[in-house]
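Q: 3D, please:
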Amino acid sequence: MISEAFKIQHKNGRPKKAVRKEIIRSIRFSKTEYFIVKQQASRSGLKITVYIRQMAMQGKIISRLSEEERQFVRQLIGMANNLNQLTKKGHQEGFITASLMFEKYKNLVGELLEKLKRND
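A: Numbers count the residues shown, from 1 in each chain. Predicted structure coming up:
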């Protein structure tokens, strides 16, 4: 009976990956080149190895949003919520009073979108 208990194998640890990266190639950088690649990888929010692999395979990196861009997105989300509330108010009280607020939000959204375009 004891031998049967030892036959059960537990699968501890990380599961096997479907596609293994088996081939290792080394790249030599000068200190300046390495610093530039490291900066670009950190700006993209990626590890250096992932950054180099994506650049080699695709030739471009889609970087994550910066903190400033995230703040713009949060503002847009808040404005969308306010617009929904204005729509509800417009249905209840009439659209003439709400139309002035809609115009104000339209201008603010336009300004935020321009700021986001300038950051790209």
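Q: so where's the protein shaky on pLDDT?
A: Applying pLDDT under 70 to the chain flags the ranges 1-10, 61-63, 119-120.
Q: find the residue at the geometric middle of it.
A: Geometric centre of the chain, nearest residue: R64, 4.2 Å, by Cα atoms, centre = their mean.
Q: and it, helix, strand or coil?
A: Three-state call for R64 (DSSP: H, G, I helix; E, B strand; the rest coil): coil.
Q: settle this for me: it is touching A41, isn't it.
A: No: using Cβ atoms under 8 Å, R64 makes no contact with A41, being 11.5 Å away. Every residue, glycine included, has its C-beta placed from N, CA and C.
Q: could I get the full set of strands for the chain?
A: Per DSSP state E, the chain carries no strands over any range.
Q: can you name the residues in contact with stretch 54-62?
A: By Cβ atoms under 8 Å, 6 or more residues apart in numbering, the surrounding residues in contact with stretch 54-62 are Q40, S44, L46, Y51.
Q: ok, now with 10 Å
A: The contact list for stretch 54-62, computed with Cβ atoms under 10 Å, 6 or more residues apart in numbering, reads R25, I27, V37, Q40, A41, R43, S44, G45, L46, V50, Y51.
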